[in-house]
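Trainee: Okay, predicted coordinates and the sequence, questions at the end:
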Amino acid sequence: MTEPLQQREIASQIAKRRTFAIISHPDAGKTTLTEKLLLYSGQIGVAGMVRARKGGRATSSDWMKLEQERGISVSASAMQFPYKDAIINVLDTPGHQDFSEDTYRTLTAADSAVMVLDAGKGVEAQTRKLFAVCRMQRTPILTFINKMDLHGKEPLDLLQEVEDVLGILACPMNWPIGHGAEFRGVVYPESRQVMLFRRSEMRGAQKAEFVSMSLDEALHAGEITGEQHKQLAEELELLAAAGNPFSHEKFLQGEITPVFFGSALTNFGVEPFFDSFSSLAPPPHAYPADAPNGGTVEVDPVTSPFSAYVFKIQANMNPKHRDSMAYLRVCSGHFERDMVVRHHRSGKEIRLSRSYSLVAKDRSTVDEGYPGDIIGVINPGVFAIGDTVSVGGDFNYKPMPQFPPEIVAQIRPTDVLKHKQFDKGIDQLAHEGAVQILRSYRNPKDPPLVAAVGKLQFEVLQFRLKEEYGVTSAIDFLPYRHSVYVVGDVKALNLPMGSFVALDARDRTVLLLTAEWEKKYVREKNPDHQFPDFVR
Ligand code: G4P
């Protein structure tokens, strides 16, 4: 138990924290919206810098070489900064070709998620996958429908699409006034107050001014046309009659998503969205963990001493030292730099002396932290994904979910004499959670397969094998692009032609498939088996 005085401080720090991730399909506007959050929180004076970085014009010197070469962010990173009264921890979930298991794992460290949809495209493939992970954890999700300044789908159709495709109730918290070049702002259905934005200089590089008034006043002031007023009045009536009423409780349970409209590029609707986010999104909560006696305990963030778990390991931040960084999500208590914690899996005591937080990719030393915070610590080679550390705790945070791989390959050292280092490297990197190792169910002696969610994981694997183990390697990708976990008797499985039965490192069955439709096929043909979306 922590001291009562300290508990009060911890409770007040927790109440301010909002730890969240953005889920979206590439190009929906995640980077732009994140940058606007930095603009509106005063972290940057002018927007446009993050995108410049994204294009490779600015890279930080101690980031991974691979990242510098490609000008992309290799793994998810976290940023902390104040926004009005809140302290924001935003976890970056990489999309594009850097989509990987880390993207999924990062979601486990988030207390809420913001789903950004492109109004012209609706719910896209990567959003669906990330949404499924939030769903599984019952993470509360807020939706921001972006790019309203372009002609897109009808707002009502977008809400319907969210409900039909994702199976979550959508509740519009505000409603767009016009769209495309005519997009003026948003109206609040209950109060019928409107927020009308003025275009800022330089494509939204600075905050957008707005005026606020009632819908009728907007008509009389000539801010909106009679036609727009009539249409909005009709739409609001329709929403009142047929829309889902908002319930904070259902939102916290992950059953309903509050929906906001806006344009991250022009800043229209961005500030009211951030304000609603900081009032609606939950602060850090108690985390479930496995108790030593086999049961589950809820670790109270305030009263329990410091504890955290590793959700991501990023290698070679500093190539000169070949160190890697483990990212800890603080779950309880007060973190102080230099504190000695116990690493539960090994039983070792570790001093967390080199601890960092990240703001827009710049590493800075962090001296203290509270539940919800993400802290990067130099990994002395002991951390693996999912590990628990604490001061005096006897529990283990729930194992990280393992997601079905989407890319499978055979990998071998190009120099046969280096087999030993190669095997050691593969073993250690798989153990750390960088990739998964699969064996053939039928021929377990066959060379193992390497599997991952994203192609980038293979690039990182090859890079690390070379940098850390001195082995160059060659990869042959196999045709399996889909997989499902199987629970049940493998011998009784009715399988599609060309599928491959594999076992993972913990002897769980993974069925490798070449086509998406085969997932449905195996489910239909094997009603007595179970096919969970992930395993722990
Ligand atoms: P991502 O991180 O989700 O991949 O998306 P990102 O923010 O990089 O945005 C993808 C593209 O969409 C960018 O255009 C960006 O400017 C544009 N965009 C983002 N939000 C809005 C919006 O509200 N309205 C409009 N019209 N466009 C938006 P780009 O052409 O790739 O880059 P740039 O030339 O604008 O820098």
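Mentor: Thanks, I have it.
Trainee: Count the neighbours of the residue in the stretch 51-200 of the chain that the ligand sits nearest to for me.
Mentor: The stretch 51-200 of the chain approaches the ligand most closely through Lys147 (4.0 Å), counting by CB to the nearest ligand atom. No exception for glycine: its C-beta is placed from N, CA and C like everyone else's. A count of nearby residues for Lys147, using other CB atoms under 10 Å, gives 26.
Trainee: So it sits against Asp118, correct?
Mentor: Yes: look at Lys147 against Asp118 with CB atoms under 8 Å: they come within range, at 5.2 Å.
Trainee: Identify the contacts common to the two.
Mentor: Ala28, Gly29 (CB atoms under 8 Å, 6 or more residues apart in numbering).
Trainee: which residues touch the residue of the stretch 51-200 of the chain closest to the ligand?
Mentor: By CB under 8 Å, 6+ apart, the contact set of Lys147 is Ala28, Gly29, Asp118, Ala119, Gly120, Ser263, Ala264, Leu265.
Trainee: If we use 10 Å, what do you get?
Mentor: Applying CB atoms under 10 Å, 6 or more residues apart in numbering, one finds that Lys147 lies in contact with 27-29, 32, 116-121, 179-180, 183, 261-266.
Trainee: Can you narrow these down to the ones near the ligand?
Mentor: Taking CB under 6 Å from any ligand atom as the test, the ligand is in contact with Asp27, Ala28, Gly29, Thr32, Ser263, Ala264, Leu265 out of these.
Trainee: Check for me that the first one belongs to a strand.
Mentor: This points to Asp27. No: per DSSP: H, G, I helix; E, B strand; the rest coil, Asp27 lies outside any strand segment and is coil.
Trainee: three-state assignment of Asn89?
Mentor: What three-state DSSP gives for Asn89 is strand.
Trainee: I figured it hits Thr106, correct?
Mentor: No: using CB atoms under 10 Å, Asn89 makes no contact with Thr106, being 11.3 Å away.
Trainee: Give the residues shared as contacts by the two.
Mentor: By CB under 10 Å, 6+ apart, Asn89 and Thr106 have these common neighbours: Ala21, Ala78, Arg329, Ile374.
Trainee: could you dump the residues you listed to JSON lines with secondary structure?
Mentor: JSON lines is the format used below for those (three-state DSSP):
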{"residue": "Ala21", "secondary structure": "strand"}
{"residue": "Ala78", "secondary structure": "strand"}
{"residue": "Arg329", "secondary structure": "strand"}
{"residue": "Ile374", "secondary structure": "strand"}
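Trainee: Just the buried residues of these.
Mentor: Neighbour-count burial (16 or more other CB atoms under 10 Å) applied to the shared contacts of Asn89 and Thr106 gives Ala21, Ala78, Arg329, Ile374.
Trainee: Out of the shared contacts of Asn89 and Thr106, which is nearest to Arg523?
Mentor: Nearest to Arg523 among the shared contacts of Asn89 and Thr106 is Ala21, at 29.0 Å by CB to CB.
Trainee: Next up, the contacts around that closest one.
Mentor: Ala21 is in contact with 30, 76, 78, 89-93, 103, 106-115, 130, 133-134, 139, counting by CB under 10 Å, 6+ apart.
Trainee: show me where pLDDT drops low in the protein?
Mentor: 1-2, 46-77, 95-98, 200-203, 316-323, 356-365 (pLDDT under 70).
Trainee: care to break it down by domain?
Mentor: Following automatic domain parsing, the chain resolves into domains at 17-280, 287-397, 407-525.
Trainee: Tell me, how many residues neighbour the closest residue to Phe534 other than its chain neighbours?
Mentor: In space, and not counting its chain neighbours, Phe534 is closest to Pro401: 4.2 Å by CB to CB, 6 or more residues apart in numbering. Neighbourhood size, Pro401 [other CB under 10 Å]: 19.
Trainee: for the one 10 residues further on, same thing?
Mentor: Neighbours of Ile411 under the rule other CB under 10 Å: 20.
Trainee: Longest helix in the chain, by number of residues?
Mentor: When the chain is parsed with DSSP state H, its longest helix is helix 226-242.
Trainee: In terms of secondary structure, what does that one contact?
Mentor: Applying 3 or more CB pairs under 10 Å, 6 or more residues apart in numbering; DSSP states H and E, we find helix 226-242 packed against helix 155-161, strand 169-172, strand 175-177, strand 185-187, helix 215-220.
Trainee: Pull out the buried residues from it.
Mentor: Gln228, His229, Leu232, Glu235, Leu236, Leu239.
Trainee: Pipe those residues into CSV and attach distance to Gly152 per row.
Mentor: Putting those into CSV (distance: CB to CB, whole Å) gives the following:
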residue, distance to Gly152
Gln228, 17
His229, 22
Leu232, 17
Glu235, 16
Leu236, 20
Leu239, 18
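Trainee: Include distance to the ligand when you put those residues into TSV, please.
Mentor: What follows is those, written out as TSV (distance: CB to the nearest ligand atom, whole Å):
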residue	distance to the ligand
Gln228	20
His229	25
Leu232	21
Glu235	21
Leu236	23
Leu239	23
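Trainee: returning to that earlier point: now the buried members of the contacts of Lys147.
Mentor: Here, 16+ other CB under 10 Å leaves 28-29, 32, 116-119, 121, 179, 183, 261-266 buried among those.
Trainee: if we can go back for a sec, and Leu5, which of the domains of the chain is closest to it?
Mentor: Nearest to Leu5 among the domains of the chain is domain 287-397; the distance by CB to CB comes to 11.4 Å.
Trainee: Tell me which residue of this protein is furthest from the middle?
Mentor: Of all residues in the chain, His220 sits farthest from the chain's C-alpha centroid, using CA atoms, centre = their mean; the distance is 44.6 Å.
Trainee: Which residues are in contact with it?
Mentor: By CB under 10 Å, 6+ apart, the contact set of His220 is Met213, Ser214, His229.
Trainee: Wait, the first one touches Gln193, no?
Mentor: By that I understand Met213. Yes: counting by CB under 10 Å, Met213 touches Gln193, with 7.1 Å between them.
Trainee: count of neighbours near Asn89?
Mentor: For Asn89, the count of nearby residues is 26 (other CB under 10 Å).
Trainee: Next: Val490.
Mentor: Per other CB under 10 Å, the neighbour tally for Val490 reads 14.
Trainee: Just to check, it is in contact with Thr509?
Mentor: Yes: counting by CB under 10 Å, Thr509 is a contact partner of Val490 at 5.6 Å.
Trainee: Relative to Glu255, which of the contacts of His220 is nearest.
Mentor: For those, the closest approach to Glu255 (CB to CB) belongs to Ser214, at 31.9 Å.
Trainee: OK, contacts around that closest one?
Mentor: Counted by CB under 10 Å, 6+ apart, Ser214 has contacts Val187, Ser191, Arg192, Gln193, Val194, His220.
Trainee: which one of these is nearest His344?
Mentor: Distance to His344, by CB to CB, is smallest for Ser191 among the contacts of Ser214, at 50.7 Å.
Trainee: Need phi/psi at that closest one.
Mentor: The phi/psi pair for Ser191 (degrees, to the nearest 10) reads phi -80, psi -20.
Trainee: Neighbours of it, how many?
Mentor: By other CB under 10 Å, 9 other residues sit near Ser191.
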